[in-house]
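Engineer: dropping the sequence and predicted coords here.
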Amino acid sequence: MNNRGDLNTEQQNPRSSDIDSKDIREILSAINNEDSIIANAVKDAIPKIEEAVELTLRSVKLGGRVFYIGAGTSGRLGVLDASEIPPTFSEDKDVFIGLIAGGDKALRESIEGAEDSHENAIKDLEAFQINTNDTLIGISCSGAAKYVISALDHARSKGAKTVYLVTNPKPYSMTDVDVVIHADTGPEIITGSTRMKAGTATKMILNMISTTTMVKLGKVYGNLMVDLMAVNEKLVDRGTRIISKLTGLDYDRSKERLIESEFSVKVAIVMEIHDCTLDEANNKLNKADGFLNRIIDI
């Protein structure tokens, strides 16, 4: 790929070529019609997404980390997904790490030229001392961000596993990685605006990677979020209802159990079902590698 104009995400979309003359309802319908294409593009990429999850799962089990790194929309989506892991799954904040070209300021503002810096990617990663237990996922809709390519090369040089996530059949720039995920989302509704279809596909894929990793680590029971830490009113309520559902306790008693467990839903469930202390429940969970079904499905 030698010409950015050849990228699918840079092509003019014939289905929206007259969008400026449409009324509001027609514009909304046009956007929605284009969005309906995205799920199939992601579906086609599932075999490669599966390979990526095998790498992220390996990293977390080995005590390593998963890095998302990107520029602009891609970087923001990586930071967003990583930031949701601790409250949702009670995972340490240093397991999934999101980095964006230009630093935290770039989360709110466009930092011109940030994606074109080879050197800044290495500087941003050096503090983390990436090693063979880690996996780095470089996110670039076009595959043209030098910042991302440099990050992938740096991680690979340190022995880490690497994944390249793009939303074109072929990235503008290629480098040696373990897995390439292609989600061909096609031309955007507004030519080149990859915050739209490409961004949506990226969000979906990152959700799939992180959520599947957490499921395979025993962070859910059935489809219930049993490993959440109840750190606000909403999560206290959700955790209380989960405890009630799985133990048969009424709401008030379930909430008491949650408080007794130091606001760990999973621990509260074990305490109730096995009529044990907080320490005993934690020991049971440790022996079961955190999988609740190994303790209560007996």
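Structural biologist: It's in.
Engineer: what does the model give Asp23 for pLDDT?
Structural biologist: On pLDDT, Asp23 comes in at 95.
Engineer: spit out the contact partners of it.
Structural biologist: Residues counted as contacts of Asp23 (CB atoms under 8 Å, 6 or more residues apart in numbering): none. All C-beta atoms are positioned from the backbone trio N, CA, C, and that covers glycine.
Engineer: per-domain residue ranges of the protein.
Structural biologist: Using automatic domain parsing, the domains assigned to the chain come out as 4-215, 233-296.
Engineer: can you put those domains in TSV and add distance to Leu224?
Structural biologist: Shown next, in TSV, are the domains of the chain (distance: least, CB to CB, whole Å):
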stretch	distance to Leu224
domain 4-215	11
domain 233-296	5
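Engineer: which of these has the lowest mean pLDDT?
Structural biologist: domain 4-215 (a mean of 91).
Engineer: and stretch 41-56, what's buried?
Structural biologist: Of the residues in stretch 41-56, Ala41, Val42, Ala45, Lys48, Ile49, Ala52, Val53, Glu54, Leu55, Thr56 count as buried by neighbour count, 16 or more other CB atoms under 10 Å.
Engineer: now, which of those residues sits nearest Val66?
Structural biologist: Thr56 (4.8 Å; CB to CB).
Engineer: quick check: next helix or strand after the strand or helix carrying Val42?
Structural biologist: Secondary structure assigned from DSSP states H and E places Val42 in helix 38-44. Downstream of helix 38-44, the first helix or strand assigned by DSSP H and E is helix 46-61.
Engineer: now do the helix or strand just after that following helix: which elements does it pack against?
Structural biologist: Downstream of helix 46-61, the next assigned helix or strand under DSSP H and E is strand 66-70. In terms of contacts (3 or more CB pairs under 8 Å, 6 or more residues apart in numbering; DSSP states H and E), strand 66-70 is packed against helix 46-61, helix 72-89, strand 96-100, helix 118-126, strand 135-139, helix 146-157, helix 197-215.
Engineer: swap the cut-off to 10 Å and go again
Structural biologist: helix 46-61, helix 72-89, strand 96-100, helix 118-126, strand 135-139, helix 146-157, strand 161-166, helix 197-215 (3 or more CB pairs under 10 Å, 6 or more residues apart in numbering; DSSP states H and E).
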